[in-house]
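Enquirer: Please work out how this folds:
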Amino acid sequence: MIDALLAQLAKEFKLDKTQMHKDNSGSYRLSFGGDYSVSVQEIPEGIVLKSEMAPLPKFPKEEPFIEHALHAQLFGHGTHDCILGISADEGVATCTRIIDPSCNYKDFKLLVEDFFNDVDYWRDAAVKGVPGRK
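Expert: The predicted structure is shown next:
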């Protein structure tokens, strides 16, 4: 299923092998021109989109970023059902989304676009600081 969805996405967005490729584990890596990429993998529960967005901000900007992310996660503001997290080594902010396995191409495309937009927003918040906060 994932192969067909991603083949259609690659065709529509004219992605070449540097922007979308499959690794030995069966996961795909997508990049739409930013300096980050998204891992796309099929699991029994659906399709997982995951991105390591940016290093966590350093003190004193770390606390406002984590507070903003937790608030957004709790109330679903600016996350589109994504899961915001921190890497195992606690150095990188991550974003993950699981897409229903019965998703059609039209919805898949919109969800991937939303995911990239969410990653852009949260990456900027981690790098440049939380919007509206000093």
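Enquirer: Would you pull up how far stretch 80-91 lies from the middle of the chain?
Expert: 10 Å (Cα atoms, centre = their mean, to the nearest Å).
Enquirer: first vs last residue of that stretch, how far apart are they?
Expert: 23 Å (Cα to Cα, to the nearest Å).
Enquirer: The chain: strands as residue ranges?
Expert: 20-22, 28-30, 38-43, 46-55, 83-86, 92-99 (DSSP state E).
Enquirer: Can I get the ones you listed in a markdown table including mean neighbour count and mean pLDDT?
Expert: Backbone N, C-alpha and C define where each C-beta goes, glycine included. Output for the strands of the chain, formatted as a markdown table (neighbours: other Cβ atoms under 10 Å; pLDDT from 0 to 100):
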| stretch | mean neighbour count | mean pLDDT |
| --- | --- | --- |
| strand 20-22 | 16 | 87 |
| strand 28-30 | 19 | 89 |
| strand 38-43 | 17 | 92 |
| strand 46-55 | 20 | 92 |
| strand 83-86 | 15 | 90 |
| strand 92-99 | 20 | 93 |
